[in-house]
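**Student:** Fold the following and give me the result.
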Amino acid sequence: CDSNDLIPNDLMVKYYTLRADSGFMLTECVPISERSLAFPGQPGIYTKEQTLGWKKVVDSVHQKGGRIIAQVWHSGRACHSSFQNGLQVWAPSAIAPRSKVRRSQLFHEIPHQMTIDDIKLVIQQFKQAAINCKEAGFDGIQLHCGTGYLIDQFLRDSANKRIDEYGGSIQNRSKF
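**Tutor:** Purely as a prediction, here's the structure:
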């Protein structure tokens with residue numbers, strides 16, 4: 001994608017179209033907001049321009065008879081502010097992973113513990129991403145809920161030390 005505005009480009013159209021005869025495919029992880037970038041160069045689905053870029057990909061895949069599902073995500077604490085234009089990293093709790101950031105030599109930062117308003121905002125961003133995926137023509141949407149990213153962080157008691165309605169019991173940790 002274009003590294004400045006994270007819009008899917010012609011190379012991505014070609015990449016996915018070449019694989020269209022596989023039946024169906026999942027996209028790479030698609031960020032729902034500027035704050036959900038785990039590494040540089042991820043094509044987003046949070047602006048109109050990005051949505052139109054994905055529409056070109058989807059239309060080309062459909063022309064070849066393929067089906068394509070968008071995998072949307074929020075990286076949570078598994079990123080670095082330098083990948084997010086300096087925006088502070090968000091997570092269920094202010095606990096940094098004990099490793100380096102993927103695809104870099106940077107160490108993880110201590111994230112901002114999300115407020116209830118932050119949580120509601122991210123839920124709204126997931127909703128808007130789903131709407132944008134529909135506008136782009138995707139055949140489905142998959143929420144990336146595993147491997148240490150935001151939704152998984154809410155579920156894990158090692159990453160979620162909240163004492164409010166989003167922490168504690170598995171029922172509360174599952175509310176997100």
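**Student:** C-alpha only now, for contacts and for neighbours.
**Tutor:** Will do.
**Student:** can you give me the helices for the chain?
**Tutor:** 10-18, 48-63, 116-136, 150-155, 170-173 (DSSP state H).
**Student:** For the second one, name the packing helices and strands.
**Tutor:** With contacts defined as 3 or more CA pairs under 8 Å, 6 or more residues apart in numbering; DSSP states H and E, the packing partners of helix 48-63 are helix 10-18, strand 67-73, helix 116-136.
**Student:** what's the most buried one of those?
**Tutor:** The highest average neighbour count among the helices and strands packed on helix 48-63, using mean count of other CA atoms under 10 Å, belongs to strand 67-73 at a mean of 22.
**Student:** which other helices and strands contact that one?
**Tutor:** By 3+ CA pairs under 8 Å, 6+ apart, strand 67-73 packs against strand 24-31, helix 48-63, helix 116-136, strand 140-143.
**Student:** Relative to Lys175, which of these is closest?
**Tutor:** helix 116-136 (10.5 Å; CA to CA).
**Student:** so where's the protein uncertain?
**Tutor:** Judged by pLDDT under 70, the chain has its weakly predicted residues at 103.
**Student:** Nearest residue to the middle of it?
**Tutor:** Geometric centre of the chain, nearest residue: Trp73, 2.3 Å, by CA atoms, centre = their mean.
**Student:** Apart from its chain neighbours, what residue comes closest to Gln42?
**Tutor:** Using CA to CA, 6 or more residues apart in numbering and skipping residues adjacent in sequence, the residue nearest Gln42 is Leu6, 6.2 Å away.
**Student:** thinking again about what came up before, now the helices of the chain in CSV, with distance to Ser33?
**Tutor:** Shown next, in CSV, are these (distance: least, CA to CA, whole Å):
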stretch, distance to Ser33
helix 10-18, 20
helix 48-63, 11
helix 116-136, 7
helix 150-155, 13
helix 170-173, 22
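**Student:** Out of these, which is closest to Ser82?
**Tutor:** Among the helices of the chain, helix 150-155 sits nearest to Ser82 (CA to CA), with 18.0 Å.
**Student:** what's next to that closest one, contact-wise?
**Tutor:** Helix 150-155 is contacted by residues 73-78, 91-92, 144-146, 159-160, 166-167, 170, 173-174, 176 when judged by CA atoms under 8 Å, 6 or more residues apart in numbering.
**Student:** One more pass at 6 Å, please.
**Tutor:** 74-76, 92, 145-146, 159-160, 173-174 (CA atoms under 6 Å, 6 or more residues apart in numbering).
**Student:** I'd like those as TSV, with distance to Phe24 appended.
**Tutor:** Formatted as TSV, the contacts of helix 150-155 follow (distance: CA to CA, whole Å):
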residue	distance to Phe24
His74	23
Ser75	25
Gly76	28
Pro92	33
Cys145	20
Gly146	21
Ala159	34
Asn160	35
Arg173	32
Ser174	29
